[in-house]
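J.: fold the following for me, if possible:
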Amino acid sequence: MAIQTNQEKDLLKLLETDSSRVIADMICAVTEKHPELLETLLHMSFDRPYPVCMRAARALQLYFDAHPEAIIPYLDYVVANILEAKIEGIRRNYLKIIAEKVDLSSLEEPGMLISRCFEWLLDTKVWPATRIYCAEVIAKFSFLEPELKHELKETLVFVMEESPVSLKGRGRKILKRMQ
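T.: Here you go, the predicted structure:
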């Protein structure tokens, strides 16, 4: 087992405190001052038990909102781990960043992510927010690989028939952008 630095111990204490926005913002501020903790926080978001992993993922989502370029060196690691993540909130936080902030041309192997996003989009047991970000990720890829547009359009039309209002609304916006 690796020896934890005092900064890592402090970060873990914050993550164990609660899931409030104030704590997430404090973690972002610490990470901004000590960017070497970014990798530690990433590992915590995938390796620690719930709720610490979820809180780390939320803090990272806020951090990457402000610093989207910081995820690029870790993008393949993040994608590999969200494909295996059992906690949907972790997937949702990272998919949001990928959908909204990441230049997808920097992803080495997008095939598995695209495939899994289609699976999650079609899965009615997956939370609507996660499904929305999956659709956004696929839509973003479809501008790099236009052959995905037709498949996404058909999938969205099918999914929107029996979906919550939030997914229908975002689906309509995505379809409109793709015309």
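J.: any buried residues in stretch 155-171, and which?
T.: Using 16 or more other CB atoms under 10 Å as the test for burial, stretch 155-171 gives 155-156, 159-160, 163, 167-168, 170-171. Any C-beta I mention is one placed from the backbone N, CA and C, and that applies to glycine too.
J.: chain center to that stretch: distance?
T.: The chain centroid and the centroid of stretch 155-171 are separated by 20 Å under CA atoms, centre = their mean, to the nearest Å.
J.: gap between the two ends of it?
T.: Using CA to CA, to the nearest Å, the gap from the first to the last residue of stretch 155-171 comes to 10 Å.
J.: what comes into contact with that stretch?
T.: By CB atoms under 8 Å, 6 or more residues apart in numbering, the residues outside stretch 155-171 that reach it are 118, 121-122, 124, 128-129, 131-132, 135-136, 138, 172, 174-175.
J.: now, those residues that are in helices?
T.: Of the contacts of stretch 155-171, the ones assigned to helices by DSSP state H are 118, 121-122, 128-129, 131-132, 135-136, 138, 172, 174-175.
J.: let me know the closest of these to Ala24.
T.: Distances from the ones in helices among the contacts of stretch 155-171 to Ala24 were compared by CB to CB; the smallest belongs to Ala129, at 16.9 Å.
J.: dump the residue contacts of the closest residue to that closest one other than its chain neighbours.
T.: Nearest in space to Ala129, with sequence neighbours left out and distances taken as CB to CB, 6 or more residues apart in numbering, is Arg92 at 5.5 Å. For Arg92, the contact set (CB under 8 Å, 6+ apart) comprises 127, 129-130, 133.
J.: mind putting these in a markdown table, distance to Glu151, neighbour count and pLDDT included?
T.: Shown next, in a markdown table, are these (distance: CB to CB, whole Å; neighbours: other CB atoms under 10 Å; pLDDT from 0 to 100):
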| residue | distance to Glu151 | neighbour count | pLDDT |
| --- | --- | --- | --- |
| Trp127 | 22 | 16 | 95 |
| Ala129 | 22 | 18 | 96 |
| Thr130 | 19 | 20 | 97 |
| Tyr133 | 18 | 25 | 97 |
